[in-house]
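1. My questions are about this predicted structure, shown below with the sequence.
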Amino acid sequence: MNPVISLTKWLAVATLLIVSPLRGGAQVLANGSFEAPRVSLNTLMQVEPAGWKWGTRMGFIYNGHVLWAGDPWPSPAHLQQFVNIGDEPAYVLSQEFNIPAEERYRLQWFDNTGHIGQVFGAPYTVSIFTKAGEIIATRRLDAYHVDQQWRLNFLEISLPSGTFILEFKSSNVAGGLDTLLDDVSITTLAENEDLRSNIRVSSVEICWSGRTNTMYQVQYSTDLATSDWTNFGAPVRGTANNCVSDLVVSGEQRFYRIIRV
């Protein structure tokens, strides 16, 4: 039987050894992934998300893979639906939320936009206000990304107990790109958030004890449920210490074995 080395399993064990214990944060927003009300699959609807309020103009909720005027919109970043807050300052989406106790909080969300022809840029602002209208925090961002992928944004802030308003507002112009939002949350920061750590590996070295003048072949597979093995490099002549290196590809699982040839 040929021994099999799992790179993915090794990385998982190494990471578990150094990650600090964290206390899960409590979510204070409602319907942050815009799953309510439910829109028909692969369509859009001009409607107010449950728990949120539109300003003077109403945007849209998208469900799944939507085509509009022949152009594809991105799939949701999380779950099944996302919201479109439009392309003009009249489009404002807000939610009132309560903070039970003074603490540090993390606001995070994903943004993106549809891509049409040679139109670029989808500027918008995100702000947190008191009920009296005092600005606690504000940031201006651009939802346009060249790679057309959802981008994670976050803001860490200390908030006292009380009632606040979270607001997203388009700052584009008519005919510009719409700002899309998904998976919005405000959570308490974990107790040891500043100690969170992980291991990033750029390559893996496979070594084995060999016999002189015996030829060996390193092979890899991405799925042990199949019998498909791919040769990694050329056969290697055995010595007292044989090693080969392979680059680690993000998101790819590889299992390794060494056979005599």
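-> Structure's in. What do you need?

2. How about the residue in the chain that sits furthest from its center?
-> Asn213 (49.8 Å; Cα atoms, centre = their mean).

3. list the contacts for that residue?
-> Arg237, Gly238 (Cβ atoms under 8 Å, 6 or more residues apart in numbering). (Glycine included, C-beta is placed from N, CA and C.)

4. Model confidence at it, what's the number?
-> With respect to pLDDT, Asn213 scores 82.

5. Show me the helices in the stretch 151-261 of the chain, by range?
-> With helices called from DSSP state H, counting those that start in this stretch, the stretch 151-261 of the chain shows none.

6. And the strands in it?
-> Secondary structure of the stretch 151-261 of the chain (DSSP state E, counting those that start in this stretch): strands located at 151-159, 162-170, 180-188, 203-208, 215-221, 230-231, 236-237, 242-247, 255-260.

7. Pick the most buried one from those.
-> With neighbours defined as mean count of other Cβ atoms under 10 Å, those peak in mean count at strand 180-188, which reaches a mean of 22.

8. angle of it against strand 151-159?
-> 30 degrees (axes from the mean of the first three to the mean of the last three Cα atoms, to 10 degrees).

9. Show me what strand 180-188 is packed up against.
-> strand 81-84, strand 103-112, strand 162-170 (3 or more Cβ pairs under 8 Å, 6 or more residues apart in numbering; DSSP states H and E).

10. Reformat those as TSV; add distance to Gln149.
-> Converted to TSV, these look like this (distance: least, Cβ to Cβ, whole Å):
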stretch	distance to Gln149
strand 81-84	13
strand 103-112	7
strand 162-170	19
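
11. Lowest average pLDDT across these?
-> strand 103-112 (a mean of 94).

12. That one vs strand 151-159, what angle?
-> 160 degrees.

13. And strand 103-112, what's buried?
-> Of all the residues in strand 103-112, those buried under the rule 16 or more other Cβ atoms under 10 Å are Tyr105, Arg106, Leu107, Trp109, Phe110, Asp111, Asn112.

14. ok, now stretch 36-43?
-> Buried-residue list, stretch 36-43, by 16+ other Cβ under 10 Å: Val39.

15. now do stretch 132-144
-> Those would be Ala137, Leu141, Asp142, Ala143, Tyr144, for stretch 132-144 by 16+ other Cβ under 10 Å.

16. Name the residue closest to the centre of this structure, please.
-> Closest-to-mean residue, the chain, Cα atoms, centre = their mean: Leu152 / 5.8 Å.

17. how does the protein divide into domains?
-> Per automatic domain parsing, the structural domains of the chain span 4-18+198-260, 44-190.

18. quick one: which of these is nearest Val28?
-> Proximity to Val28 (Cβ to Cβ) singles out domain 44-190 among the domains of the chain, at 4.8 Å.

19. do you know how far the residue farthest from the centre of the chain is from His65?
-> 58 Å (Cβ to Cβ, to the nearest Å).

20. next one: Phe34
-> Counting by Cβ to Cβ - Phe34 and His65 are separated by 16 Å.

21. more neighbours, these two?
-> Set side by side, Phe34 and His65 show more neighbours around Phe34, with 28 against 13, by other Cβ atoms under 10 Å.
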